[in-house]
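**Q** any chance you can model this:
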Amino acid sequence: MSIAILLTARLKSSRLARKVEKPIHGKAMLGHLIERLKLAKEPDRIVLCTSTVEQDDPLADIAEEEGVDFFRSHPDDVLVRIRDAAREFGVDTIVVCTGDNPFIDPPHIDALVRFARDNTLDYAITADLPLGVTAYVLNASAVEQACLIKEDVDTEFWPEYFTESGIFRFGEMPPLAKEFARSDLRLTVDYQEDFELVTAVFDALNETGNTFPLADIIRYLDSHPDVRDLNANVQQAVRKRPTLKPRDDWQDVLKEAAS
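**A** Reported below is the predicted structural model:
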């Protein structure tokens with residue numbers, strides 16, 4: 001069974017322009033994330049997945065610098081991009097990570113892969129982690145099915161296809177320890193305030209690159225409320241609800257695809 005991290009990233013962000021390539025300690029934020037993801041043991045490879053739009057050309061350079069695979073597909077249909085990358089690299093189990101989450105936790109990736117495998121899940125996530133720390137695990141065949149039943153072309157927010165359609169097995173894994181159940185913390189990067197918090201964490205903990213553990217990040221933020229509160233007033237963007245094809249059409253579509 002092939003397991004791969006499919007890292008989705010683009011440079012079209014409007015709230016914080018070109019955020020994934022913004023430098024922290026002389027290295028693109030996305031490069032720091034890739035360095036961190038390499039610590040995960042279950043995945044066989046990392047593939048940076050972006051669009052075919054010329055604006056995203058610089059991401060190919062980051063992939064090359066970090067020594068990971070690179071793939072381009074649909075600009076807006078993230079779910080199709082994930083599907084196409086899985087096909088290209090022969091991936092059975094997909095670990096989806098997004099480029100604006102520089103502190104995704106490798107031990108939780110490994111545990112989540114095992115959790116999804118042991119429970120035969122199509123979609124799995126870790127519950128209650130800080131926002132921006134978790135990855136998603138998908139079964140490649142389920143992604144193929146989701147692409148058939150979805151109505152939308154813009155699938156930036158795609159998890160609900162697996163949780164609301166009623167045809168997939170999904171589950172939430174508890175955090176590896178109680179100290180990680182910190183959904184009150186915001187560690188994703190959408191706004192300048194988020195980037196300032198992330199940069200402050202790097203300034204404090206960067207002695208070993210971006211390999212400092214999640215426990216150290218949480219302890220640092222708890223002991224430095226001035227840093228923790230840098231993005232306290234930031235509101236998470238409202239997620240667009242997915243649109244599915246009429247349910248009566250699903251059986252025929254899925255049956256035809258299976259034949």
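**Q** which residues of this structure fall in strands?
**A** Using DSSP state E, the strands of the chain run over 3-8, 23-24, 27-28, 45-51, 69-73, 93-98, 123-126, 136-139, 170-173.
**Q** partners of the first one, with directions?
**A** Take DSSP bridges as the rule and strand 3-8 pairs in its sheet with strand 45-51 (parallel), strand 93-98 (parallel).
**Q** mind pulling up the pLDDT for the residue nearest the centre of the chain?
**A** Closest to where the C-alpha atoms of the chain average out (Cα atoms, centre = their mean) is residue 97, at 2.1 Å. What the model reports for residue 97 is a pLDDT of 98.
**Q** out of the strands of the chain, which is closest to residue 155?
**A** Distance to residue 155, taken as Cβ to Cβ, is lowest for strand 3-8 among the strands of the chain, at 10.6 Å. The C-beta positions use only the backbone N, C-alpha and C, and glycine is treated the same way.
**Q** need the contact list for residue 10.
**A** 20, 50-51, 53, 55-56, 59, 75, 99 (Cβ atoms under 8 Å, 6 or more residues apart in numbering).
**Q** and the residues you listed, which of them are in helices?
**A** residue 59 (DSSP state H).
**Q** any of the contacts of residue 10 buried? List them.
**A** When the contacts of residue 10 are checked for burial by 16 or more other Cβ atoms under 10 Å, the buried set is 20, 50-51, 56, 59, 75, 99.
**Q** counting neighbours, what do you get for the nearest residue to residue 206 once chain neighbours are set aside?
**A** Nearest residue to residue 206 in three dimensions, chain neighbours excluded: residue 25, at 5.9 Å (Cβ to Cβ, 6 or more residues apart in numbering). Counted with other Cβ atoms under 10 Å, residues neighbouring residue 25 total 11.
**Q** residue 25 contacts residue 205, doesn't it?
**A** No - Residue 25 is beyond contact range of residue 205, at 11.0 Å (criterion: Cβ atoms under 8 Å).
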